[in-house]
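[1] Provided below are the primary sequence and the corresponding predicted coordinates.
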Amino acid sequence: MGALEDISSKEGRSNAIKMFGQAASTFDHLRTDLMDGEGKDENPSADLSSPALLMCEHINLAQGQYCAYEAATNRKTQLHGLLAKIAAAAADLYGSALKYSQDPILKARLPDTSKSYGAHLKTMSIYFQAKAEYHQSQVCKADHSYAQEIARLRFAQSCCDDALKYQSETSVLASSKGAIRTTGQGVALARDIDHLRKVVSGRKAVVEKENREIYMEIIPDHKDLEEIVPATMMAKEKLPPLDERLDPHSLTRPIFVTMDRI
């Protein structure tokens, strides 16, 4: 339901964050309290396996973080340091979902799903890495740290190139069987990545020229830059409680115990 909200509005973003949080809590409850609880099925279907449920949980956490990022970008004042941290957390969450999508169980039993989800999640993770680096480059710009700004812009542009490549793979792999609905899908996502790349490339060209002619600073390797510390808005303690309608008493008892026939 969160994916159906209009995240261009404040109310829509708020509702989406809540719904994605509830969905993540539901998948966590299903995995930890039901599937892995007393009387668990030792050989569940692939879609109810631990990697599949962890993937779904982290997709919803990532989508909620995506919406939190959108909320932060709609403030009157752009706080680039904060935006970099929120974007970095989204990249990490999409990356975790990607890791679970490539679990041997899913690759063997749900290969189409593993491929299509994997390509999309990798796209989103790299895209948000690019966003994080771009916002941190703006912090460097404000601090007159032009060499660090250039290093971050170069890395951000590289991330955009990779994201566009994987987005192209996502389009090829998309099918009715493997498709997923998220807030950043298809043509719109490719357009957004390309737009970010143009913004990054444009500023990089300007500051590189200035550095050659004025600042003459040595450009550091990206690996030597200070790491962007993620700030997640979707930590477990921040998530809304599980909907009571999804946790009736009957579902808290073992669900895989065979009942005697009357």
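    Thanks, I have the structure now. Numbers count the residues shown, from 1 in each chain.
[2] what residue ranges in the stretch 1-150 of the chain score low on pLDDT?
    Where the stretch 1-150 of the chain drops to pLDDT under 70, the residues are 1-2, 4, 36-40.
[3] which residue ranges of it form helices?
    Counting by DSSP state H, counting those that start in this stretch, residue ranges of the helices within the stretch 1-150 of the chain are 10-29, 50-73, 80-101, 104-109, 111-142, 146-173.
[4] with just CA atoms, put the fourth one into CSV.
    If I follow you right, that is helix 104-109. Coordinates of each C-alpha in helix 104-109 appear next as CSV, following Å, rounded to 0.1, in the frame of the first residue of the first chain:
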residue,chain,number,x,y,z
PRO,A,104,21.5,-19.5,-2.9
ILE,A,105,18.0,-20.6,-2.0
LEU,A,106,16.4,-17.9,-4.0
LYS,A,107,18.8,-18.1,-6.9
ALA,A,108,18.1,-21.9,-7.1
ARG,A,109,14.4,-21.9,-6.5
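[5] now for that helix, which elements pack on it?
    On a contact count with 3 or more CB pairs under 8 Å, 6 or more residues apart in numbering; DSSP states H and E, helix 104-109 meets helix 50-73, helix 111-142. In this view, the C-beta of every residue, glycine as well, is placed from N, C-alpha and C.
[6] so what touches it?
    Identification of contacts with helix 104-109 by CB atoms under 8 Å, 6 or more residues apart in numbering yields 46, 49, 51-52, 55, 100, 113-114.
[7] would you show me how to pick out the buried ones of the residues you listed in ChimeraX?
    For anyone working in ChimeraX, the buried entries among those, judged by 16 or more other CB atoms under 10 Å, can be selected with:
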select :49,51,52,55,100,113,114
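[8] and Val199, which of the helices of the stretch 1-150 of the chain is closest to it?
    For those, proximity to Val199 was assessed by CB to CB; helix 111-142 is nearest, at 7.2 Å.
[9] can you list the buried residues in the closest one?
    For helix 111-142, a neighbour-count test (16+ other CB under 10 Å) marks 113-141 as buried.
[10] can you tell me which residues contact the most centrally placed residue in the chain?
    A centroid search over the chain (CA atoms, centre = their mean) returns Tyr94, at 3.2 Å, as the residue closest to the centre. Taking CB under 8 Å, 6+ apart, we find Tyr94 in contact with 58-59, 62, 121-122, 124-125, 128.
[11] between those residues, which sits nearest Asn74?
    Comparing those against Asn74 with CB to CB places Phe128 closest, at 17.0 Å.
[12] leaving out sequence neighbours, find the closest residue to Lys141.
    Distances taken as CB to CB, 6 or more residues apart in numbering put Glu149 closest to Lys141, at 5.0 Å, once the chain neighbours are dropped.
[13] that neighbour: how many residues sit nearby?
    Glu149 sits with 25 neighbouring residues when counted by other CB atoms under 10 Å.
[14] ok so, going back, what's the closest of the helices and strands packed on helix 104-109 to Cys160?
    In terms of CB to CB, the element of the helices and strands packed on helix 104-109 nearest to Cys160 is helix 111-142, at 4.9 Å.
[15] chain center to the closest one, what's the gap?
    Distance of helix 111-142 from the chain centroid (CA atoms, centre = their mean, to the nearest Å) equals 7 Å.
[16] quick one: it to helix 50-73, angle?
    Interaxial angle, helix 111-142 versus helix 50-73 (axes from the mean of the first three to the mean of the last three CA atoms, to 10 degrees): 30 degrees.
[17] mind checking pLDDT for Phe256?
    Listed pLDDT for Phe256 reads 39.
[18] my guess is Ile7 meets Ser14, correct?
    No - contact status for Ile7 versus Ser14: not in contact, 9.5 Å apart, counting by CB atoms under 8 Å.
[19] give me the more crowded residue out of these two.
    Residue environment comparison for Ile7 versus Ser14 gives the larger neighbour count to Ile7, 22 against 15, counting by other CB under 10 Å.
[20] who's in contact with the more buried one?
    When contacts are taken as CB under 8 Å, 6+ apart, Ile7 is in contact with 13, 16, 67, 70, 183.
[21] just among these, which is most surrounded?
    Within those, neighbour counts (other CB under 10 Å) peak at Cys67, which reaches 28 neighbours.
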